[in-house]
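3D, please:
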Amino acid sequence: MEPVPPGAESYNVTAMVEQAAARPRNPIILIPARLASNRLPNKPLADIAGEPMIVHVWRRAVESDTAPVVVAAADREIVDVVEKAGGRAILTRPDHITGSDRIFEAIERLDVERKHDAVVNVQGDMPTLEPAAIRAVFEPLAERDVDIATLATEIVREDERSDPNVPKVVVGLAPGQRIGRALYFSRVTVPGGEGPHYFHIGIYAYRRPALERFVKLKQGVLEDREQLEQLRALEAGMRIDVALVDTVPLGVDTPAHLARAREMLSGKGRAGKGRD
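Below you'll find the predicted structure:
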């Protein structure tokens, strides 16, 4: 057995204590949803295996068993279907431009005493989301200096490397490393040279002060150029770390996506009951 270097044991204990202190103690999961959509209107209510899509997403979030789950809805119809399924939903203003703005309004109204120290933004159009992915997004927040955590997976299909509809995140991960710092987000194939490219999955875990700061920032130059909201945070000097996962949830944006989701979840729509 290799001898333990002097001070190593003390260093490890200190690191564990610091990680425990940095981890959110009382997070909440918020799912922004609205009926207005240019490509697929009313998609939160779209039937998938006998239940509205938003209910599938709510169930997956609850099954992560990490935090209370609330749907932040722009429309009363969404609130009604979530509550009918046994979930909790809050009606927000309908004119928010982004999901981040919607969840900020929701957390400010739900938690005026600021008991929740982290907010997870789970998009309402990911009905195939694995609960394990939600658990994974908390991991980067073990590092005290991380403001926002998000997810990525390695791109394996060659055509997706150049597909502008597949957002990429630049993160330097050594072999076997599962968490790293996000250096850039883009729709083009970056970085250059040989090596893996990573597909960015739009699930975010914000420390509460980081969310408050983020929604007050002006749109960034690169954000406007790439049409990627997370670049606003990087331009402002905020730190985003990425956890690597093995599966990509299907984002439903088109009728073709909806048909695929129905195929994937056929016969599974009523499996399991959510717990909030």
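
Dihedrals phi and psi, I54?
Taking degrees, to the nearest 10, you get phi -60, psi -30 for the backbone angles of I54.

Could you look up the SS state of the closest residue to it other than its chain neighbours?
Excluding the flanking residues, the one nearest I54 by CB to CB, 6 or more residues apart in numbering is P44, at 4.0 Å. Where you see a C-beta, it was placed from the backbone N, CA and C, and this is true even at glycine. Look at P44: counting by DSSP: H, G, I helix; E, B strand; the rest coil, its state is helix.

Quick check: P44 vs L91, distance?
13 Å (CB to CB, to the nearest Å).

what touches both of the two?
In the contact map built from CB atoms under 8 Å, 6 or more residues apart in numbering, the residues linked to both P44 and L91 are A73.

who has more neighbours, the two?
Between P44 and L91, counted using other CB atoms under 10 Å, the more crowded position is P44 (27 against 15).

Contacts only, for that one.
Counting by CB under 8 Å, 6+ apart, P44 has contacts 33-35, 52-54, 73, 78, 81, 124-125.

Filter the residues you listed down to the ones in strands?
33, 52, 73 (DSSP state E).

Out of those, flag the one nearest to T153.
A33 (23.8 Å; CB to CB).

Can you show me the strands along this structure?
Using DSSP E, strands in the chain cover 27-33, 47-48, 51-52, 69-73, 89-91, 118-121, 148-154, 168-171, 179-186, 198-207, 240-244.

Tell me who's in contact with A261.
Going by CB under 8 Å, 6+ apart, the list of residues near A261 reads 48, 53, 127-128, 250, 252.

Could you measure from it over to A74?
In terms of CB to CB, A261 sits 21 Å off from A74.

ok, now G176?
According to CB to CB, G176 and A74 sit 42 Å apart.

which of the two has more neighbours?
A74 (20 against 5).

out of everything not next to it in sequence, what's closest to that one?
R34 (3.6 Å).

what's near enough to touch the one you found?
So R34 contacts 44, 73-75, 78, 94, 96, 102 (CB under 8 Å, 6+ apart).

cool, R181 as well?
171-172, 239-242.

Quick one: neighbours of the residue nearest to V221 when sequence neighbours are not counted, just the number.
Of all residues not flanking V221 in the chain, E235 sits nearest, at 7.0 Å (CB to CB, 6+ apart). Counted by other CB under 10 Å, the residues lying close to E235 total 15.

try D246
Neighbour tally, D246, other CB under 10 Å: 10.

Kindly report the same for V221.
Each residue near V221 was counted by other CB under 10 Å, and the total is 11.

Make CSV out of the contacts of P44 and add pLDDT and distance to Y206.
Formatted as CSV, these follow (pLDDT from 0 to 100; distance: CB to CB, whole Å):
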residue, pLDDT, distance to Y206
A33, 97, 18
R34, 96, 20
L35, 96, 25
P52, 97, 26
M53, 97, 24
I54, 98, 21
A73, 98, 19
I78, 98, 22
V81, 98, 26
G124, 95, 17
D125, 95, 19
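
Using a markdown table, please lay out the contacts of R34 together with distance to H116.
Converted to a markdown table, the contacts of R34 look like this (distance: CB to CB, whole Å):
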| residue | distance to H116 |
| --- | --- |
| P44 | 23 |
| A73 | 19 |
| A74 | 21 |
| D75 | 24 |
| I78 | 22 |
| P94 | 24 |
| H96 | 19 |
| R102 | 16 |
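
out of those residues, which are buried?
44, 73-75, 78, 96, 102 (16 or more other CB atoms under 10 Å).

if I look at the residue positioned nearest the centre of the chain, how far off is A149?
What sits nearest the mean C-alpha location of the chain, by CA atoms, centre = their mean, is I203, with 1.1 Å. Distance, I203 to A149, using CB to CB: 9 Å.

go on, A36?
28 Å.

out of the two, which sits in the busier spot?
Neighbours around A36 and A149, counted as other CB under 10 Å, are more numerous at A149. The numbers are 29 against 11.

List the beta-bridge partners for that one.
A205, D241 (DSSP bridges).

wait, doesn't S64 sit right on P131?
Yes - between S64 and P131 there is a contact under CB atoms under 8 Å: 3.9 Å.

okay, the two: which has more neighbours?
S64 (21 against 15).
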